[in-house]
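1. My questions are about this predicted structure, shown below with the sequence.
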Amino acid sequence: MGLTVSAIFSRIFGKKQMRILMVGLDAAGKTTILYKLKLGEIVTTIPTIGFNVETVEYKNICFTVWDVGGQDKI
């Protein structure tokens, strides 16, 4: 019984995990949006080679955001 109550409590009030994959054309602003969400301010970025991964927390949700470079060769 205690395990069931604990599972229900953590489902309702626990921190939720979400994953987001950002894809799009090169120089579209994916990295700018990612760091605006993460830092709360716009930062100067360079073209992404490969990918960036950041964790952003909002309310009780933890987002893992994958920002994939828009170039044809990743």
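-> Looks like it arrived, so ask away. Numbers count the residues shown, from 1 in each chain.

2. pull the CA atoms of stretch 50-58 into PDB?
-> Extracted in PDB, the C-alpha atoms of stretch 50-58 (Å, rounded to 0.1, in the frame of the first residue of the first chain):
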ATOM      1  CA  GLY A  50      27.400  18.400 -34.700                       C
ATOM      2  CA  PHE A  51      24.900  19.100 -31.900                       C
ATOM      3  CA  ASN A  52      24.400  20.900 -28.600                       C
ATOM      4  CA  VAL A  53      22.600  19.300 -25.600                       C
ATOM      5  CA  GLU A  54      21.400  21.400 -22.700                       C
ATOM      6  CA  THR A  55      19.000  20.800 -19.800                       C
ATOM      7  CA  VAL A  56      16.400  23.400 -19.200                       C
ATOM      8  CA  GLU A  57      14.100  23.400 -16.100                       C
ATOM      9  CA  TYR A  58      10.700  25.100 -16.200                       C
END
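
3. and the residue nearest the centre of the chain, bridged to which residues?
-> Taking Cα atoms, centre = their mean, the centroid of the chain lies closest to residue 65, which sits 2.3 Å from it. Beta-bridge pairing for residue 65 (DSSP bridges): residue 20, residue 54.

4. Give me the distance between it and residue 16.
-> To residue 16, residue 65 is 15 Å away according to Cβ to Cβ, to the nearest Å. For every residue, glycine as well, the C-beta is placed using N, CA and C.

5. Where does pLDDT dip in this protein?
-> The model of the chain has pLDDT under 70 over residues 1-2, 73-74.

6. quick one, longest helix in it?
-> What stands out as the longest helix in the chain, according to DSSP state H, is helix 2-13.

7. and that one, C-alpha only, in CSV?
-> Extracted in CSV, the C-alpha atoms of helix 2-13 (Å, rounded to 0.1, in the frame of the first residue of the first chain):
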residue,chain,number,x,y,z
GLY,A,2,2.8,2.4,0.9
LEU,A,3,4.5,1.7,-2.4
THR,A,4,1.3,2.5,-4.3
VAL,A,5,0.8,5.8,-2.5
SER,A,6,4.4,6.7,-3.1
ALA,A,7,4.2,5.9,-6.8
ILE,A,8,1.0,8.0,-7.2
PHE,A,9,2.6,10.9,-5.2
SER,A,10,5.7,10.9,-7.3
ARG,A,11,3.6,10.8,-10.5
ILE,A,12,1.6,13.8,-9.5
PHE,A,13,4.2,16.0,-7.8
